[in-house]
Structure formats: structure tokens, C-alpha cells
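Student: Sequence isn't available, so here's the structure alone:
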């Protein structure tokens, strides 16, 4: 990093000259790229910017217009400051034209009241610059090594951002091009303060270059993408103008993130990962924290001030008598299809897989929205773009404290609806009736005890002899005790089927024709199915 004008003035060789800042003190933080000694006024065209100009003033005129033009030209090329000896030309003070012009442009104008060896100043400052450049190169090499290792190891975005925060000691945020926060590291800052109002703030920051600093917001922003497909922005929150090293860190981190996205084809997208983190915390937190609410808002899904509806989507198996088998790729595709359906329905929703069986979504609606209309549109879209699925919804709630309840209820409804033949655009709790009740009681030990008490001997008999008495009982109950219809459904002759029913009565010690016995056994069968799916 180049030294600032203030750091140069602190060097012993310049302190000996008794430096005094007479104008442009606001620019003392400017970086000095080089030191140039010049005794003529028409020097600006030979400079590149960032130079600290040293002069004795012997060749400078006393004409105010010329002196003003001299400073104006230096300001135009971007010099970092001007130092003038008050020894040979001016002894007490500089002409007012010089002072006013320097103040106008914010260029530090410094006087030295003692004769100073400018060659020593040049050697000292340029030595500092060279040392800083060497240190910068070493730091850049270290940055290169660290992020190359992260890229090769396939580090997750959280690890990349953690390294950015460690190297820069500044908060860092990874967002989509639509300004939704995918990941962040607050670097010790309160995450709520970092993320609150993020969408609104981020949308106002538009830079015309791939990496740039917005001084008004204090953001260093670099575009993230590869192969011509940009998909995000990395934002380093820097209240002060960041050093070049921070730009290098941000750009290398962006490259690592772009490569990770290219190679991580068998994992959820970063957007789904961010949504899953919020959904999992909502499911595990009875009272959502302020930070969690800010994170959801930064994902463009506000959890306050409107209506919330939990949704669960599960692939429907070929046979409703068997549990659904959902693979990772299948659920990832279903999650992306659901997210796309939400966008098409123009609703804000957190969408992700949170377990191995289903996709969950939490839809955020305005107070005036009609939930049924929105859900019908979204569910219809899901059905049209995916293999047969069950879409289940929870009760509409009006605050984040109840988000967990609607999400859990939707999951219970989906599990119950999966075992029915009823086809609906979406299912609610009152649609699954007894199965829904049993799903809600799935964690109650008394339900498990009831099913074991009713069906235990039959399960043991099937396990010991290989008989199919449980299946025969299922057909009997599902056909309301109609033996002929049950035998046909079991693809068994009536004689053989009647023998199975007699064996069931013998094993269980009940009369199947007794309405209460049949009802109790059917409830036990449904409970057994529920517990099998839930385990």
C-alpha cells in the first residue's frame, strides 16, 4: 500500500523541515505514488497522478492568476500534494492565490520553514513506496495461495466468505443479481444491523465495472460468475476507501465461488441452501430471532406484516400402498420447480429440501392476498412441471411465531395424503380427515402402543410364517367388510380368502364382522402406516 501524505510528513527528514499544512488538510489521506521535484509551473503534463510535488518555489511567479492555474493543472492530473520551502522565494507565508486554489481542490499544501534535503526526502519516500509494493506483492501471493487451496478443496461458500472476513476484517455478503442474500460473514458485526433493509440498500448500488467501490455506501462490489454467466455479487462492507489488497481478496473470492458453482452440480443451489438454513431455524426455533427475520427479509421473503402459509410437496409413489422413495436429485429438481412456480405465481417464498422425503416452502403473502387463489396457481404449476406429487398446505398464520406450526402441519398433511387415492390440486388438514389426525399424533407413544396391541400378533405371524394376513386384513377393511370385493382386490379366490379371514380372527381373537372390531383394526392399520412412514 502506498504511504499517505500524512505518513510522508511524519518522516524524520520532513519533520526536520518543520512542515505546516496551510491548505487542503482534507486531502492528507491521499496516497503518494511517487515523489517529484519540480521548479517550473508547466509541469502538470509530465505527471501521471499520485505524485507529491516538492519545490523551493524559486521559479514560481508572484502573479495570482498564474499561481491559481498552476494548482488547477496539478489538481487536474491528480497530484497528492505540494510541498514548498519558505527559504528562497517566499520567507513568511505563501501567496493567497496558492492557498485558496489548494483549498478549493482539497490538495494538501505544505510549507517547510527550514532548508530540507529533497534528495533525502525522495529516497525516503520512494523507499517506503518500494517496501509497500513488495509487501503488497507478498500479500497478493498469500491471497492467491489461500483461495487456490479453497478452490481445489471444493470449499463451501461459507468457508470462502469466512476467509474474506478474516483477511479484510470487514463484513462480507454474497447476494444474487436480484440482491437476495445467499451467504454472509458479519466479521463480528451484528448480523441484524448488517442485513436489515439489505434489498433496498443493495438495489441502489449499481456500478459500471466488474469490481468497484461505492464511497456513498462504503461497499466494495465485485461480480461473481464464470463463462460469461454472471449470477451474483460479492459485497465487502468498507466504511473507508479499501486498500488494493482488499480488491484482490474480493476478486479471488469471487473466482472461487464461481468455480464452486460450476463443479457442485450434485448439490443444492446456493439459493436453496440459504433458504434451507432459514427454514431449518424456523422449524427448530419456537420464537424466531431478530437476526433470522433479517435474514429472511434479505432473501426477499418478509416474515412480518402479512400472511404466512407452510407448504410441503412430496413425490407420489407408483403405488399408494408403499412409502415414497425420494432421491436427492429428484428432490432438488422438485425444489427448483417449486421455486420457479412461486416466481411465476408472483409470490415470495422460502423453498428448500429440509429432509429426505419432501420439499418445504413458506409463502409470504400480503394481508390483502387470497391464499387459496395463490396456492391453487402455485400447486397447479408444480403438477404441470413435475412427476405426480402431493402438495399439502398448513393453516394460514399471521406472524413468524406461528411459522413453525404451519410448516409442521403441512408436512403432516402431505404424509397423510400420500397414502390416499384422492387427487387434489392441494390438500389441507380437513381433507385428510382421520389420516391427518394420526399424522399429528405420530410422535405420541400411546398411538404406537395402540397399533402394537391391535396388530402385534398378526405382524408376528406374518414375520414367522411368511403369510400375508396383514394384507388380507387391509383389503377387508378398505372394502368396508365386503368379502367378495376384498377377495377380488387381493386377487385371491373366495375360498382361500375366507380361510385367511378365519385365521386372522383366530390369531387376534376377534370377530371381524363386529363393526367396532373392524373400525379398531382399520384405525390400527392407518396408525401402523403412519408410524412406518414417520420412522
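Tutor: Nice, thanks for sending it over. Since the structure is predicted, the reported quantities are computational estimates derived from the model, not experimental observations.

Student: Residue 362 belongs to a strand, doesn't it?
Tutor: Yes. Assessed by DSSP: H, G, I helix; E, B strand; the rest coil, residue 362 belongs to a strand.

Student: Can you give me the end-to-end span of stretch 197-216?
Tutor: End-to-end distance of stretch 197-216: 16 Å, with C-alpha to C-alpha, to the nearest Å as the criterion.

Student: Show me which residues of that stretch are buried.
Tutor: Neighbour counts over stretch 197-216 (16 or more other C-beta atoms under 10 Å) mark 198-199, 202, 213 as buried. For every residue, glycine as well, the C-beta is placed using N, CA and C.

Student: if you average pLDDT over it, what comes out?
Tutor: Averaged across stretch 197-216, pLDDT comes to 91.

Student: that's a strand at residue 22, yeah?
Tutor: Yes. The assignment for residue 22 by three-state DSSP puts it in a strand.

Student: ok, it touching residue 99?
Tutor: Yes. Here residue 22 reaches residue 99: they are 5.7 Å apart, a contact under C-beta atoms under 8 Å.

Student: Identify the residues contacting residue 407.
Tutor: Counting by C-beta atoms under 8 Å, 6 or more residues apart in numbering, residue 407 makes contact with 279, 282-283, 310, 312, 360, 362, 394.

Student: hmm, try it at 6 Å
Tutor: 283, 310 (C-beta atoms under 6 Å, 6 or more residues apart in numbering).

Student: So for the helix or strand hosting it, what gets flagged as buried?
Tutor: Taking DSSP states H and E as the definition, residue 407 sits inside helix 403-417. Residues of helix 403-417 classed as buried: 403-404, 406-417 (neighbour count, 16+ other C-beta under 10 Å).

Student: tell me which of those residues is nearest to residue 337?
Tutor: Residue 337 lies nearest to residue 414 out of the buried residues of helix 403-417, by C-beta to C-beta, at 15.7 Å.

Student: so what's the closest one up against?
Tutor: 312, 314, 358, 390, 392.

Student: hmm, try it at 10 Å
Tutor: 311-314, 324, 357-360, 389-394, 426-427, 432, 439 (C-beta atoms under 10 Å, 6 or more residues apart in numbering).

Student: Please point out which parts of stretch 101-119 sit buried.
Tutor: 101-103, 105, 107-112, 116, 118.

Student: hmm, I was thinking of stretch 163-179
Tutor: 163-165, 167-168, 170-176, 179.

Student: Stretch 119-131 too?
Tutor: Going by neighbour count (16+ other C-beta under 10 Å), the buried part of stretch 119-131 is 121-122, 124-125, 128-129.

Student: Secondary structure of residue 349: a helix, I assume?
Tutor: No. Counting by three-state DSSP, residue 349 falls outside a helix, being strand.

Student: so which strand or helix has the residue nearest to it when sequence neighbours are not counted?
Tutor: Excluding the flanking residues, the one nearest residue 349 by C-beta to C-beta, 6 or more residues apart in numbering is residue 342, at 4.1 Å. Element membership for residue 342, per DSSP H and E: helix 328-344.

Student: Does anything pack onto that helix? Which helices or strands?
Tutor: helix 270-284, strand 307-315, strand 348-353, strand 359-365, helix 371-385, strand 389-393 (3 or more C-beta pairs under 10 Å, 6 or more residues apart in numbering; DSSP states H and E).

Student: which stretches of the stretch 251-400 of the chain aren't confidently modelled?
Tutor: 265-267, 317-327, 386-387 (pLDDT under 70).

Student: separation between residue 353 and residue 503?
Tutor: From residue 353 across to residue 503, the span is 44 Å (C-beta to C-beta, to the nearest Å).

Student: if you count what's nearby, which of those two comes out ahead?
Tutor: Each of residue 353 and residue 503 has its neighbours counted (other C-beta atoms under 10 Å); residue 353 has more, 23 against 15.

Student: Surely the more buried one and residue 339 touch.
Tutor: No. With contact defined as C-beta atoms under 10 Å, residue 353 does not reach residue 339; the gap is 11.2 Å.

Student: Tell me which residues touch the residue nearest to residue 69 when sequence neighbours are not counted, please.
Tutor: Nearest non-adjacent residue to residue 69, counting by C-beta to C-beta, 6+ apart: residue 41, 7.7 Å away. Taking C-beta under 10 Å, 6+ apart, we find residue 41 in contact with 55, 59-61, 63, 66-67, 69-71, 73-74.

Student: Sort out which of the residues you listed are in strands and list them.
Tutor: The members of the contacts of residue 41 that map onto strands under DSSP state E are residue 55.

Student: Drop anything exposed from the contacts of residue 41.
Tutor: 55, 60, 67, 69-71, 73-74.

Student: low-confidence ranges in the stretch 401-535 of the chain?
Tutor: Ranges of the stretch 401-535 of the chain meeting pLDDT under 70: 431-433, 435-437, 439-440, 533-535.

Student: Just list whatever residues bridge to residue 315.
Tutor: Beta-bridge partners for residue 315, by DSSP bridges, are residue 389.

Student: Now that it has come up, it's in contact with residue 358, right?
Tutor: Yes. The pair formed by residue 315 and residue 358 meets the contact definition of C-beta under 10 Å, at 8.5 Å.

Student: quick one: which of those two has more around it?
Tutor: residue 358 (26 against 21).

Student: now that one: how far from residue 239?
Tutor: 44 Å.

Student: hmm, back to that, overlap of the contact sets of residue 353 and residue 339?
Tutor: By C-beta under 10 Å, 6+ apart, residue 353 and residue 339 have these common neighbours: 272, 275, 359.

Student: Among these, which one is most surrounded by other residues?
Tutor: residue 359 (31 neighbours).

Student: Wait, it touches residue 314, no?
Tutor: Yes. At 7.7 Å, residue 359 counts as touching residue 314 under the criterion of C-beta under 10 Å.

Student: Need the residues touching each of the two.
Tutor: Common neighbours of residue 359 and residue 314 (C-beta under 10 Å, 6+ apart) are 326, 331, 334, 389, 391, 414.

Student: okay, those residues in CSV with distance to residue 47 next?
Tutor: Shown next, in CSV, are these (distance: C-beta to C-beta, whole Å):
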residue, distance to residue 47
326, 68
331, 62
334, 63
389, 69
391, 69
414, 71
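
Student: Tell me the one among the residues you listed nearest to residue 139.
Tutor: Closest to residue 139 out of these is residue 331 (43.3 Å), distances taken as C-beta to C-beta.

Student: how near is the closest residue to the closest one other than its chain neighbours to residue 314?
Tutor: Nearest residue to residue 331 in three dimensions, chain neighbours excluded: residue 353, at 4.6 Å (C-beta to C-beta, 6+ apart). Relative to residue 314, residue 353 is positioned 11 Å away (C-beta to C-beta).
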